[in-house]
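> Just a sequence and a predicted model for now, questions to come.
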Amino acid sequence: MGLSRMTKCALLVHSSEKDSLLERLQDEAMIHVSDLKESSLAKKYPDLLSSEEAKPRELEEVISGLSSTIGYLETYVEKKGVLEGLLGSKIALDQDEFKRLGREDPVSILTECQQLEAEEKNLRSREANLHTQLELLSPWENLDVPLEELRPTERVTLIPGVIPNSVLRSKVDEIAKEHVHIELIHETPQGIYCIAVYLKEIKEKAQSLLKEIEFESVDLGKFRGKPEDILSAMKEKLHQIEQQRERLRSRSSLIATELKRVYVLYDYRLTLLNQKYVESSSLSTKETLYLEGWIRSTDQQRLEEIAGEFNTASVMRVEPEPGESPPIELRNSRPVRPFEMITELYGMPKSKELDPTPLLAPFFAIFFGLCLTDAGYGVVLAILSFILMRKLRGGKKLLQLLFLSSLATVVMGAMVGGWFGDAFERLPIGFLRSLRSSFLVFDPMKTPLTFFGLTVGLGVVQIVFGFFAALYDNLRKRQFIAAFFDELVWIVLILSAVSLLLGALKVLPSAAFGWALRAFGTSALFILLFSERQGSLVSRLGFGAYNLYSVIFILGDVLSYLRLMALGMVTGGIAMAVNIIAGIVGGVPVVGVVLAALILIGGHLFNLAINALGAFVHTLRLQYVEFFPKFFSGGGRKFVPFSRETTYTLIGS
């Protein structure tokens, strides 16, 4: 439990063996490589830095091409199911097979896919252009003259166009009296397609009249032949395009059967690119490569053994630069490990800080369970989490966390009698009622004040626990004065305040009330006088008074835990409402039973999903806002060993 101890080391290798060494280090995934670009060595010897030309641009272009190819081929494979899509399943390979398949030349498949994609793009462009022309020409299909004949003569002007349907037909007829003939061709919801004919000598007057009826000319000059024949030819071209597309689809679908191979080609080159990035972040000459990084102290011997496999590689320990801190790796027991994601979301601890994971783990699970307060929901969530864990390869922390939290939900739900709401009370099955009664501690619907006291009490416990964690941390660092005045007196103040409240409620004897009052007064005096220990007496007393006033913020933190009660009551209330509605609908003849079943399944699944999300978010908030600030600041950087980071494959040993 805690943080892994880290050692900083350096490796020096001849350029002839650098690629092999980097590949071995990547396979072992043990060293967190440092970027030496801003190091003191780089400033002292700037010539050792990689040049701009040394960047692996060609490899980046191949990876970009493979990514584009994957996107293209994925449109020709069977769509993943919802479950598989959510799980993001990867291809499992061992290292030897991964390297063997990845070293194949991707040029042929890249070239062919790029050609197919270009042809597909060209077909889409041609098809879009034909559809545009079809849309333009279709209303003129009934025109039985070649379109090239619709051109002005020496004395007459002919203009094809369209008139909006909103224009009255009588108004169109009126302009015919002014020697502007309108030949109707076709009427559609978009307008009336027609040809306007007038003598050139009345051009200005004709144009004015056409403007009155909102006549809009249509350019058909690029077409030759009768519209019917042109449209028939266009449709034939569209048919040919569809045939060509079908051939492309067949070929692309055939290539898509090798998509897994393309995944491996992509991931392998991604690992090569990471090697190049490590190389570019190190220092080098024409003959050597020098890199630095952090390893777990327990891995030092293993690193020396790996270096010993090479003729020119050597390992040495180096001292961290001034102000440099090691990367952080959390190290916890198996039951606590899933909760590390909570800490990582907030921020890694600094090198000399406590790891908050084992401290938050039990609280997170209990609080999550109190937010759901339904044992039936806990069982369903546990089963779903377990099934998904079995199907998912890698990255199971969230599911493991949900599984453990769902077990706590079963316990919390059984304690308050929540089994799919009040379903066990409504069902005429004596065994279920007995089961509920045997585990029932209190019913929050009947005694909500008990739930109120439980959540507030848990809030006090976690906040005091946070102060104890800070007290231990200061004692560990031998900061005894801070431990006493910044943590211990606050612990005494909070516990004595709780004792005073319990004494006022006659829960504690009167003698305990007196002791609590004296402890409260003494701790308050210490906070006033010594919580601020720098500056003048007046400033220390002023800040001390403010610190004492901040006890009201702690009260606010405690009351924030009432969200556990609120969410728990809401979950139970909605579950009861679902059961009531299902019971009412169940009385409907014939279809009642089916409708009731649908309401029960759909309603409880919705309630579980929405309130499980709320339970996770609000429990997370309690850790980050109320608990962590008492003893944890974060700000460390995560230990990320140089390894084979893949997108589509999962590489085993």
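Cool, the structure landed. What you see is a predicted model; the values in this text were computed from it and never measured.

> Could you use CA atoms for every contact and neighbour count after this?
Fine.

> Can you dump the C-alpha atoms of the host helix or strand of Ala307 in PDB for me?
Assessed by DSSP states H and E, Ala307 sits inside helix 300-308. Listed next in PDB are the C-alpha coordinates belonging to helix 300-308 (Å, rounded to 0.1, in the frame of the first residue of the first chain):
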ATOM      1  CA  GLN A 300      16.900  -1.900 -11.400                       C
ATOM      2  CA  GLN A 301      18.500  -5.400 -11.500                       C
ATOM      3  CA  ARG A 302      16.200  -6.400 -14.400                       C
ATOM      4  CA  LEU A 303      17.200  -3.300 -16.400                       C
ATOM      5  CA  GLU A 304      20.900  -4.100 -15.900                       C
ATOM      6  CA  GLU A 305      20.200  -7.600 -17.200                       C
ATOM      7  CA  ILE A 306      18.500  -6.200 -20.300                       C
ATOM      8  CA  ALA A 307      21.500  -3.900 -20.900                       C
ATOM      9  CA  GLY A 308      23.800  -6.900 -20.500                       C
END
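
> From the contact counts, what lies against that helix?
Where contact means 3 or more CA pairs under 8 Å, 6 or more residues apart in numbering; DSSP states H and E, helix 300-308 is packed against strand 314-317.

> Strand partners (parallel or antiparallel) of the helix or strand just after the strand it packs on?
Counting by DSSP H and E, the next helix or strand C-terminal to strand 314-317 is strand 330-331. Strand 330-331 has these partner strands in its sheet, going by DSSP bridges: strand 2-3 (antiparallel).

> Any idea which helix or strand in the chain has the lowest mean pLDDT?
None of the helices or strands of the chain scores lower by mean pLDDT, DSSP states H and E than helix 82-87, at a mean of 50.

> returning to what we had before: identify all contacting residues around the helix holding Ala307.
The contact list for helix 300-308 (CA atoms under 8 Å, 6 or more residues apart in numbering) reads 7, 21, 24, 313-315.

> and with 7 Å instead?
313-315 (CA atoms under 7 Å, 6 or more residues apart in numbering).

> For Phe98, state which of those is nearest.
The shortest gap between Phe98 and any of these belongs to Ala313, at 25.6 Å (CA to CA).

> what is the mean pLDDT for whichever strand or helix holds Cys113?
Secondary structure assignment for Cys113, by DSSP H and E: helix 107-137. Confidence for helix 107-137, expressed as mean pLDDT, is 92.

> ok, now stretch 232-250?
On average, the pLDDT along stretch 232-250 is 93.

> Same question for stretch 43-58.
Throughout stretch 43-58, pLDDT has a mean value of 74.

> end-to-end on that stretch?
With CA to CA, to the nearest Å as the measure, stretch 43-58 spans 29 Å from end to end.

> What residues sit buried inside stretch 467-479?
The neighbour-count check on stretch 467-479 (16 or more other CA atoms under 10 Å) flags 467-474 as buried.

> same thing with stretch 58-67?
For stretch 58-67, burial by neighbour count (16+ other CA under 10 Å) applies to 62-63, 65-67.

> quick revisit: looking at the contacts of helix 300-308, state which has the most neighbours.
Counting neighbours by other CA atoms under 10 Å, Ala313 comes out on top of the contacts of helix 300-308 with 21 neighbours.

> Mind listing residues that contact stretch 366-384?
Identification of contacts with stretch 366-384 by CA under 7 Å, 6+ apart yields 403, 405-414, 416, 418-421, 564-565, 567-568, 571, 608, 611-612, 615-616, 619.

> can you do 8 Å?
402-414, 416-421, 564-569, 571-572, 608, 611-612, 614-616, 619.

> What count of nearby residues applies to Gly376?
There are 22 residues near Gly376, going by other CA under 10 Å.

> re earlier: among the buried residues of stretch 58-67, which one sits closest to Thr447?
Lowest distance from Thr447 to the buried residues of stretch 58-67 (CA to CA) belongs to Ser67, with 59.7 Å.

> what residues are up against that closest one?
Tyr266.

> And the strands in the protein?
Using DSSP state E, the strands of the chain run over 2-3, 6-14, 31-33, 91-94, 156-163, 180-188, 191-199, 216-217, 283-284, 288-296, 314-317, 330-331, 649-652.

> Restrict the last one to CA atoms and write it as PDB.
Okay, so that is strand 649-652. Coordinates of each C-alpha in strand 649-652 appear next as PDB, following Å, rounded to 0.1, in the frame of the first residue of the first chain:
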ATOM      1  CA  THR A 649      -4.500  -4.900 -30.500                       C
ATOM      2  CA  LEU A 650      -3.800  -6.300 -27.000                       C
ATOM      3  CA  ILE A 651      -0.300  -7.700 -26.800                       C
ATOM      4  CA  GLY A 652       0.400 -10.500 -24.400                       C
END
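
> Name the strands paired with that strand and say parallel or antiparallel.
Sheet pairing of strand 649-652 (DSSP bridges) gives strand 91-94 (parallel).

> neighbouring contacts of the strand it pairs with?
260, 648-653.

> Highest neighbour count among those residues?
Using other CA under 10 Å as the neighbour test, the contacts of strand 91-94 are led by Thr649, with 22 neighbours.

> which regions of the protein sit below the pLDDT cut-off?
For the chain, the stretches with pLDDT under 70 are 1, 51-55, 79-89, 393-395, 653.

> tell me what the helix holding Cys113 is packed against?
Identification of packing neighbours for helix 107-137 by 3+ CA pairs under 8 Å, 6+ apart yields helix 57-73, helix 227-256.

> Going by neighbour count, list what's buried in the longest one.
Residues of helix 227-256 classed as buried under the neighbour-count rule (16+ other CA under 10 Å) are 227-228, 230-231, 234, 238, 241, 245, 248-249, 252-253, 255-256.

> between that helix and helix 107-137, how many degrees?
Calculated by axes from the mean of the first three to the mean of the last three CA atoms, to 10 degrees, helix 227-256 forms an angle of 160 degrees with helix 107-137.

> Then the first one?
Following the same axes, to 10 degrees, one obtains 50 degrees for the angle between helix 57-73 and helix 107-137.

> hang on, the earlier thing: now, which of the contacts of helix 300-308 sits nearest Glu187?
Lowest distance from Glu187 to these (CA to CA) belongs to Ala313, with 84.8 Å.

> wait, isn't that closest one in contact with Ser16?
No - counting by CA atoms under 8 Å, Ala313 stays clear of Ser16, with 10.5 Å between them.

> just to revisit the earlier point, are any of the contacts of stretch 366-384 buried, and if so which?
The buried subset of the contacts of stretch 366-384 - by 16+ other CA under 10 Å - is 402-414, 416-421, 564-565, 567-569, 571-572, 608, 611-612, 614-616, 619.
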